[in-house]
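Asker: Predicted structure and sequence below. I'll ask about it afterward.
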Amino acid sequence: MSNIEQTLSIIKPDAVERNLVEEIKNIFIKKELNIKESKKIQITKDEAAEFYKVHQSKPFYNDLCSYLSSGPIVVMILEGEDAIITNRKLMGATNPKEAEDNTIRKLYGISIDKNSVHGSDSIINAKKEIEFFFKN
Ligand code: UDP
Ligand code: MG
């Protein structure tokens, strides 16, 4: 049975800065993750802190929020079959050093913090994250 989902993807500052947006978008399109919405924005540190609230107790939280707000990002709604897990598989492991071959993080990630992309990890978080960036 078909299971069409939507998920939120972010191309992080390190990848936008290196002009990798079109290359990364093509990886999604080839895997039939359709880009329903896309916008290039820069968020404030407070907005990043709200977005990454789930990590607020982690030692890397402050740096993570500074980093996500440090430059332009591209936020997208991806839609397709099992979009949430399909996107997570395409992204690869959080640490690019541990990511599988041909994943986005293996191809383009610089380090565990500059790992080029974000992707929602569950149906509930996908809904929340899409609303965060695309509420009207
Ligand atoms: N992160 C970090 N240091 C760590 C773990 C995570 O800087 O030790 C950053 C990394 O950029 C990651 C983000 O925090 O993408 C969110 O962490 P999560 O565990 O949710 O990884 P993801 O879902 O992005 O794979
Ligand atoms: Mg996560």
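Answerer: Thanks, I have it. No experiment lies behind these values; they were computed from the predicted model shown. Ligands and ions are numbered 1, 2, ... in the order given.

Asker: okay, and for this protein, where does confidence drop off?
Answerer: 136 (pLDDT under 70).

Asker: what does it have sitting close to ligand 1?
Answerer: Within reach of ligand 1 by CB under 6 Å from any ligand atom, the chain has these residues: 55, 60, 64, 94, 112-113, 115, 118, 121. The C-beta positions use only the backbone N, C-alpha and C, and glycine is treated the same way.

Asker: Now rank those by neighbours and give me the top one.
Answerer: Most neighbours among the residues of the chain next to ligand 1, by other CB atoms under 10 Å: residue 115, with 24 neighbours.

Asker: Report the contact partners of the spatially closest residue to that one that is not a sequence neighbour.
Answerer: Distances taken as CB to CB, 6 or more residues apart in numbering put residue 109 closest to residue 115, at 4.1 Å, once the chain neighbours are dropped. By CB atoms under 8 Å, 6 or more residues apart in numbering, the residues touching residue 109 are 92, 95-96, 99, 115-116.

Asker: are any of those residues buried, and which?
Answerer: 92, 96, 99, 115-116 (16 or more other CB atoms under 10 Å).
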